[in-house]
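> Please work out how this folds:
(one chain, ligands or ions: 1)
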Amino acid sequence: MTEERKLDHLRICLNEDVESNLVTNGFEDIHFVHRALPELDKNDIDISTEFLDHRFEAPVIVEPMTGGEQSLSKEINAALASMVEEAGIGMGLGSQRAALEDSSLEETYTIVREKAPTAFLMANIGCTQLLSERGIEYAERVIEMVDADALSIHLNPLQEAIQPEGETYFLGVLQRIRDVVKEVKVPVIVKETGAGIASEDARKLAEVGVACIDVAGAGGTSWAAVEHYRAKSNRDELRAKLGKTFWDWGIPTAICLIEVKQSVSIPVIASGGIRTGVEGAKAISLGADLVGMALPFLKATVKGDAKETLNIFLEELKNVMFLVGARNLEELRSAPLVITGKTKVWLNERGFDTKIYARRSG
Ligand SMILES: Cc1cc2nc3c(=O)[nH]c(=O)nc-3n(C[C@H](O)[C@H](O)[C@H](O)COP(=O)(O)O)c2cc1C
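A predicted model of the protein is given here:
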């Protein structure tokens, strides 16, 4: 059943419009201050970085997506992994639940380590699987399966609340994350899947020892939308309607990134609807350690041009750095930014300071 669901998800994401309609990622409210005198040779710009003790040639990670299904995902994972290895970036595996249920599906994940022997890889599991009695054992198995550098645990209450096989028992998730952090040998990253992480939850996650938060905010792939299409093709009117109503639910990515950065001091990945290197540069300037993208890499891989998609993104990022006079990512993080619109209103109403970015000295 999990295998079939995985294939439905891939097909829907590839063939339907699954991105948010009304809500935007919020980066349109973040503005750099253009510098006519950058005092810099664009060729000298360095975008390499360190993330959880691993060197990245660029601050980019392919977000967890696929595996656990034979017809498409092994090939997609192999192509993504080769691109990631060559580019010196990192990658997340899709939820490995399917391989825990059926070990013949392991190869759809292990292919990633074969093709990316040195890249930073994140194993992936849902928080609801961890609640089972064998939760800790599952966490250890998914890490070992791909010799992962980190474990990424996804929180997806929106999707669980809409999909027919949804597991909506979320009591005790935080305590279980605390147990996993203590037991496993690699850093634990906790992520959303497109509805964002608020400062209240970020503080709780940091308190239980999580090594990094991936905000995965709203403005990109909407799991309510994906489940809407699935329900529609299964003639499940109730869930089709729920998916439509909650299509744009969530905290826009730029907003939750700022909330989380101003609340905890652990590394943060910015993801959720990031589509250009300009948005990526804004996320890094707001304090993100890495920028994550899922849907654009999925679509590009199927067309055979994931490498080109990454190159365009990196060229856009470097262009921004040139235009604000930032030689490296550290300097980009001190470039002034002006925050306007709904993002400013939200943050100010919630008690976050937006002026600190505008007054940075650059
Ligand atoms: C086809 C597809 C499958 C996904 N599967 C997973 C998954 O198994 N585990 C997970 O943590 N996130 C999963 N995600 C969510 C992404 O990791 C990411 O958080 C989300 O799509 C937002 O990024 P985007 O707007 O760039 O797509 C999936 C996304 C896509 C598009």
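> which ones are touching Thr354?
258, 339, 343-344, 347-348 (C-beta atoms under 8 Å, 6 or more residues apart in numbering). No exception for glycine: its C-beta is placed from N, CA and C like everyone else's.
> now the residues you listed: which count as buried?
Buried by 16 or more other C-beta atoms under 10 Å: 258, 339, 343-344, 347, out of those.
> List the ones among these that fall in strands.
Ile339 (DSSP state E).
> Which members of the buried ones among the contacts of Thr354 are the farthest-apart pair?
Ile258 and Lys344 (10.0 Å; C-beta to C-beta).
> how about His154, phi and psi?
Backbone torsions of His154, given as degrees, to the nearest 10, read phi -100, psi 140.
> Can you give me the separation between it and Ala79?
Remark: distance between His154 and Ala79 (C-beta to C-beta, to the nearest Å) = 22 Å.
> Likewise for Val210?
30 Å.
> cool, Arg239 as well?
Counting by C-beta to C-beta - Arg239 and Ala79 are separated by 32 Å.
> now Glu259
The value you get for Glu259 to Ala79, if C-beta to C-beta is used, is 35 Å.
> quick one, which of those two is more surrounded?
Glu259 (25 against 19; other C-beta atoms under 10 Å).
> What distance do you get for that one to Asp353?
Taking C-beta to C-beta, one finds Glu259 at 12 Å from Asp353.
> Common neighbours of these two, please.
Common neighbours of Glu259 and Asp353 (C-beta under 8 Å, 6+ apart) are Leu347.
> Can you give me the neighbour number for the residue of the stretch 101-250 of the chain found nearest the ligand?
The nearest approach of the stretch 101-250 of the chain to the ligand comes at Gly220, 2.1 Å away (C-beta to the nearest ligand atom). Using other C-beta under 10 Å, Gly220 has 27 neighbouring residues.
> so what's it scoring on pLDDT?
Gly220 is assigned a pLDDT of 98 by the prediction.
> Just give the closest residue to it, not the sequence neighbours.
Gly273 (2.8 Å; C-beta to C-beta, 6 or more residues apart in numbering).
> Now for that neighbour: which residues touch it?
19-20, 24-25, 194, 217-221, 253, 279.
> In helices, which of these appear?
Among these, the members falling in helices (DSSP state H) are 253, 279.
> In JSON lines, list the contacts of Gly273 along with distance to Ser334.
JSON lines is the format used below for the contacts of Gly273 (distance: C-beta to C-beta, whole Å):
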{"residue": "Glu19", "distance to Ser334": "32"}
{"residue": "Ser20", "distance to Ser334": "31"}
{"residue": "Thr24", "distance to Ser334": "26"}
{"residue": "Asn25", "distance to Ser334": "23"}
{"residue": "Gly194", "distance to Ser334": "30"}
{"residue": "Gly217", "distance to Ser334": "23"}
{"residue": "Ala218", "distance to Ser334": "28"}
{"residue": "Gly219", "distance to Ser334": "25"}
{"residue": "Gly220", "distance to Ser334": "27"}
{"residue": "Thr221", "distance to Ser334": "31"}
{"residue": "Thr253", "distance to Ser334": "21"}
{"residue": "Glu279", "distance to Ser334": "19"}
